[in-house]
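[1] can you look at this prediction? I've put the sequence above it.
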Amino acid sequence: MMRGAIVLITALFSVIFLGRKQHFHHIVSLLLITAGVFLVGYSGIKESAKEGAGGETKPFGIILLLIAQCFVGGLFVVEEKLFDGYYLDPLMVVGFEGFFGLCYWIILLPIFQRISCGEPGLCADNGTVEDSTLAFQQNADHTSILLMSLGIIVSIACFNATGVSITKYASAA
């Protein structure tokens, strides 16, 4: 739920970097979203402080999540700036984002498969950061994992296509 901060960050970046003006109804909406994000973050910290809580929410984790949202907000503002200056088809933009993401992972996966990892809950079974062979084997052995993976791919593609289209025809915020 803390990812809801992306709306506030994107609106702030669009004012700072694109010179957009936020109207009264935008400001009221942003204040409500900020209050909701604060309540979610605060309740997560309070719940994890209780004894017997299943997971632990750390303030550092929330800070890292907000920093990540700043990068995503920056991406949305850059996309809006590109759409203002050039004619770009939203689906082509999403396709290029996916292509460059694939290129990054083709480079990073072999590196991650050689990095030793000493953290039991975060490592692959072979003691490295990533084990792609195991991932492909699990997809082959369990049809449900394969179907869920394909569903996630379609879901993210639709989400990105919708987001880029909204950015093009409305605004990033």
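    Received, thanks.
[2] where do the helices of this structure begin and end?
    Here the chain has its helices, by DSSP state H, at 5-18, 24-49, 59-85, 90-112, 132-141, 143-169.
[3] domain parsing for this structure?
    The record's domain split for the chain, according to automatic domain parsing, is 1-85, 88-173.
[4] next, format those domains as TSV and append mean neighbour count and mean pLDDT.
    For the C-beta atoms, the positions are set from N, CA and C on the backbone; glycine is no exception. As requested, the domains of the chain are exported to TSV (neighbours: other CB atoms under 10 Å; pLDDT from 0 to 100):
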stretch	mean neighbour count	mean pLDDT
domain 1-85	14	80
domain 88-173	13	86
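[5] adding distance to residue 121, write the helices of the chain out as CSV.
    Output for the helices of the chain, formatted as CSV (distance: least, CB to CB, whole Å):
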stretch, distance to residue 121
helix 5-18, 27
helix 24-49, 17
helix 59-85, 15
helix 90-112, 17
helix 132-141, 16
helix 143-169, 20
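[6] which of these sits closest to residue 120?
    Distance to residue 120, taken as CB to CB, is lowest for helix 132-141 among these, at 16.0 Å.
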